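*Asks:* Quick one, what's the 3D model for this:
(one chain, ligands or ions: 1)
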Amino acid sequence: MKAIRTFTVRPVLAESLAPLDALAANFRWSWSRTPRDLFASMDPALWSQVGENPVRMLGAIGQKRLDELAADAAFVERVNAEAESLRGYLTGDRWFQQLEGDKPAHIAYFSPEFGVDGSLPQYSGGLGILAGDHLKSASDLGVPLTGVGLFYRSGYFRQSIGDDGWQRESYPLLDPYGLGLTLLRDEDGAPVEISLDLPGDRRLSARIWIADIGRVPLLLLDAETPSNTDEMRRVTDRLYGGGGEHRLLQELLLGVGGVRAVRAFAALTGRPTPDVYHTNEGHAGFQGLERMAGFMTDSGLSFDEALAQVRASTVFTTHTPVPAGIDRFPRDLIEAYLASNLFSGIDPVRALALGLEDYPGGDPGVFNMAVLGLHLGQHANGVSRLHGKVSRGMFGQLWPGVDTDEVPIGSITNGVHAPTWVHAKLKGLSEERFGDSHVATHDWTDRGVVSDAELWGVRQAMKADLVAEARRRVAASLGDTITPAWVDDLLDTNVLTIGFARRVPTYKRLTLMLRDPQRLTRLLTDPERPVQIVIGGKSHPADDSGKILIQQLVRFSRDPKVRGRIVFLPDYDITLAKTLYPGCDVWLNNPLRPLEACGTSGMKAALNGALNLSILDGWWDEWFDGRNGWAIPTADTASNDEERDDAEAAALYDLIEHQLVPAFYEREGGIPTTWLGMVRHTMTDLGSKATSDRMVRDYVQTMYVPAAAHDAALRTDDFAEARALAAFIQRVRTSWPKVRVANVDSSGIPQQAQAGDVLEIQASVALDGLSPDDVAVEVVYGPVDGDDDLGDNRRTARLQPTGPAGADGLTLFTGSRTLTATGSFGYTVRVVPAHPQLVSDVELGLIAFAS
Ligand SMILES: *Cc1c(COP(=O)(O)O)cnc(C)c1O
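*Replies:* As a prediction, the model looks like this:
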């Protein structure tokens, strides 16, 4: 008989052990070795049974063992030392506290999913795990940030694979108390509840769970509350479970409810009200409309003034160029909600326009959450350099007339939280040799500090862990039958091991390696120098095409000829990932370029000393340097997808056969020294770049600090600057059709220009009543190609107003540039609006060129 609900009854802790509660209640244990060791030492066998989870450990351990431990002076001393260490971590000054200058007071960070630990399954893949790593690094760096998300009663889904190779999904219900969460309560101890009034006299309420991620609180809104109807309770049933209105209600709860929740939380805990709002992907876009409604109702701002204020303080990060990754809703559905009391005071027509795909190539019947995000966020970025570029092309229609490379979407390359993702054995070696476990910040290239034998020993031990885990999982997946003998021979620690695991959207090409099954079989079964492959991946439950790919792989891997050398491990999640990445020699990634926005699994593998073998996409396009792995060439000239896949698969096999295999099996005294040289370089070089510490520092310095400054500037004196900025935008929009560069006087250019000559520029500009201070008149200059196009190396310099030009109400702007570069050179003159609170010249999409 199966229980339909489960919960945990916990024993009472003796006073000497009381700090264990606080240690278990803060997720810092999930990335910090010593508290883990402490809990494990209470009962090592039980620790692995409870999935290495302290909260479950305390629930499962039993009074008798606890009494023994309470009487064990050495254990009690360790408990106190850990409690002291946690207190120090939570209260001491860190990187952010030492930053000079004006800083954000409180950043609210919104995401539809958060991957913090395997025990808190509130994520589906990369987006969520990135959000979890963001919180952890914010904590380590002392950044005052609060995460805002939803609590899904069944999380994403658990995957198993049937005898037919088909993915099965299950949705176990989660008990928030058993996960280490606490309910946000008001001064009287009652659960805080936020509510949204929906059209049709419906009301959606939510309670707020808090997960403590080190210093950073993560608020998770949960619609499972007695105030809700059954229909409303189902809003937070599953992550990415439904579409249409169900998804919309989730996003309204996240965006609108999230703002209300984080403000209630701030007020109750004495934190400042957030001054920066960061939305990780577009799902939380309604946060901006909720805040606009507040400014309009409470402070009497107009729509445009409220928009300016919200834009100033909003950071929007786009995460995918794949349309299926962006939420799009039918226009009518959104209209009904915008016209309701939910956003009281907001003009529904104008609000709708902020998200409509009302541009060439878009569908004006569709409300697009990324478009909303870009309209509401003055500070926008993609997640790798290449993805920034792709995003500027993809969203460029929102800034008509603006050159693609000037579209105001920057990039911050993702990173991963090293303390979470580096294997305990490698951390151990780091502690022994470098004095601490900060693997990612050390120079691993010196053989005098860590010898080849030691490094190889740890790499092999991590691989042995993976082999054991793979056998265990495969045995478990076969059910209660006696484990067949081949499972004991599954994988081999001495064989070159390639890992490949990810979600299974088509563009990730799970089955590219199956393109030529005979060739793959030869590589796997080579008698002298074989290769083995470990695979994982979940397909979205509604995506049958992904499930077919999984089935093809599973079927291939079950062939007795190869099954010892290729294995599909079900239920790819954080727990599996933490054994998988460190256990591989090589991490494979073969997306269709440029659809992988960044990719982070390869970074996690690299920090553990795995080499990457990847298409030059996302982060790899940026950081591949020829010594940290291999680039699979892209067949950009292929005439169709089939041809492209064939060519890229062939290149993949070639690389494995002719480069990876020889390098891996070349040994000196049993050790692959050349290979280890690449490992050392990878760990050292990528260690300094690929961490979420670097990423969060970048966000603070290039996004949060400017956003907070803009927010403060616009807010002062009863929103004087917000009003001024809105009036300015109104003024330039009205005048712009008549603003033009009437004439550029080129008499200053010598016919035979030489380097060192000075170019004098005089432009007369029609301003249609705008003041010369309202605009920037710029000369854009540099080398030109055969079509007179100014390329990427062009520069921009501002001309100065020097008075009226002639009698037609024109204004003269002048300046000079010294010619330095030789060759074909060109320039043009343009006018753009200028205001100190704009982050980019072309932000308003207004631009007038000389003709
Ligand atoms: C890191 C991670 C991902 C994301 O990996 P990509 O390289 O971005 O595909 C997905 N799932 C899990 C469990 C991860 O740890």
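
*Asks:* strands paired with the helix or strand hosting Thr497, and their directions?
*Replies:* Thr497 belongs to strand 496-501 when elements are defined using DSSP states H and E. In the sheet, strand 496-501 lines up against strand 531-536 (parallel), strand 586-589 (parallel) (DSSP bridges).

*Asks:* so which of the ones you listed comes closest to the ligand?
*Replies:* Closest to the ligand of the strands paired with strand 496-501 is strand 586-589 (C-beta to the nearest ligand atom; 6.4 Å). Using the backbone N, CA and C atoms, a C-beta is placed for each residue, glycine as well.

*Asks:* where does the protein come near the ligand, residue by residue?
*Replies:* The interface of the chain toward the ligand, taken as C-beta under 6 Å from any ligand atom, is made up of 125-126, 129, 502, 572-574, 577, 599-602, 604.

*Asks:* For Thr6, give me the pLDDT.
*Replies:* In this prediction, Thr6 carries a pLDDT score of 65.

*Asks:* Contacts made by stretch 683-693 with the rest, please.
*Replies:* Outside stretch 683-693, the residues that touch it by C-beta atoms under 8 Å, 6 or more residues apart in numbering are 130, 133-134, 136-137, 140-141, 413-418, 439-445, 603, 606-609, 619, 623, 625, 627-628, 694.

*Asks:* buried residues in stretch 244-262?
*Replies:* Neighbour-count burial for stretch 244-262 flags 247-262 (criterion: 16 or more other C-beta atoms under 10 Å).

*Asks:* Between the residues you listed, which sits nearest Ala726?
*Replies:* Set against Ala726, the nearest of the buried residues of stretch 244-262 by C-beta to C-beta is Val259 (21.3 Å).

*Asks:* That closest one - that's part of a helix, no?
*Replies:* Yes: Val259: assigned to a helix according to DSSP: H, G, I helix; E, B strand; the rest coil.

*Asks:* roughly how far apart are the residue lying closest to it once chain neighbours are set aside and the ligand?
*Replies:* Distance criterion C-beta to C-beta, 6 or more residues apart in numbering; nearest residue to Val259, sequence neighbours excluded, is Glu290 at 4.7 Å. Distance from Glu290 to the ligand, counting by C-beta to the nearest ligand atom, to the nearest Å: 30 Å.

*Asks:* Also Val679?
*Replies:* Val679 is 20 Å from the ligand, by C-beta to the nearest ligand atom.

*Asks:* If I look at that residue, what pLDDT would I see?
*Replies:* 98.

*Asks:* just to revisit the earlier point, buried subset of the residues of the chain next to the ligand?
*Replies:* Neighbour-count burial (16+ other C-beta under 10 Å) is assigned, among those, to 125-126, 129, 502, 572-574, 577, 599-602, 604.

*Asks:* Just send those residues back as TSV, with pLDDT and secondary structure too.
*Replies:* Below are these laid out as TSV (pLDDT from 0 to 100; DSSP: H, G, I helix; E, B strand; the rest coil):
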residue	pLDDT	secondary structure
Gly125	93	coil
Gly126	95	helix
Ile129	98	helix
Arg502	88	coil
Tyr572	96	coil
Asp573	96	coil
Ile574	97	helix
Ala577	98	helix
Gly599	95	coil
Thr600	98	coil
Ser601	98	helix
Gly602	98	helix
Lys604	98	helix
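
*Asks:* Would you map the strands across the stretch 551-700 of the chain?
*Replies:* In the stretch 551-700 of the chain, the segments counted as strands under DSSP state E, counting those that start in this stretch are 566-568, 586-589, 611-615, 629-632.

*Asks:* now the ones you listed as a markdown table including mean neighbour count?
*Replies:* Listed next are the strands of the stretch 551-700 of the chain as a markdown table, based on neighbours: other C-beta atoms under 10 Å:
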| stretch | mean neighbour count |
| --- | --- |
| strand 566-568 | 25 |
| strand 586-589 | 25 |
| strand 611-615 | 25 |
| strand 629-632 | 22 |
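
*Asks:* got a list of what the nearest residue to Thr236 once chain neighbours are set aside touches?
*Replies:* Distance criterion C-beta to C-beta, 6+ apart; nearest residue to Thr236, sequence neighbours excluded, is Ala223 at 4.3 Å. Applying C-beta under 8 Å, 6+ apart, we find Ala223 in contact with Leu204, Ser205, Ala206, Met232, Arg233, Arg234, Val235, Thr236, Leu253.

*Asks:* Mind doing that once more with 6 Å?
*Replies:* Shown in contact with Ala223 (C-beta atoms under 6 Å, 6 or more residues apart in numbering): Ala206, Met232, Arg233, Val235, Thr236.

*Asks:* just the residues you listed now: which is nearest the ligand?
*Replies:* For the contacts of Ala223, the closest approach to the ligand (C-beta to the nearest ligand atom) belongs to Thr236, at 21.7 Å.

*Asks:* Can you verify my assumption that that closest one contacts Ser154?
*Replies:* No: using C-beta atoms under 6 Å, Thr236 is not in contact with Ser154; the gap is 9.5 Å.

*Asks:* So for these two, which residue has more residues nearby?
*Replies:* Each of Thr236 and Ser154 has its neighbours counted (other C-beta atoms under 10 Å); Thr236 has more, 26 against 18.

*Asks:* Give me the local confidence score for that one.
*Replies:* For Thr236, the model assigns a pLDDT of 98.

*Asks:* who touches stretch 136-145?
*Replies:* 94-97, 106-107, 109, 213-216, 417, 692-693, 696.
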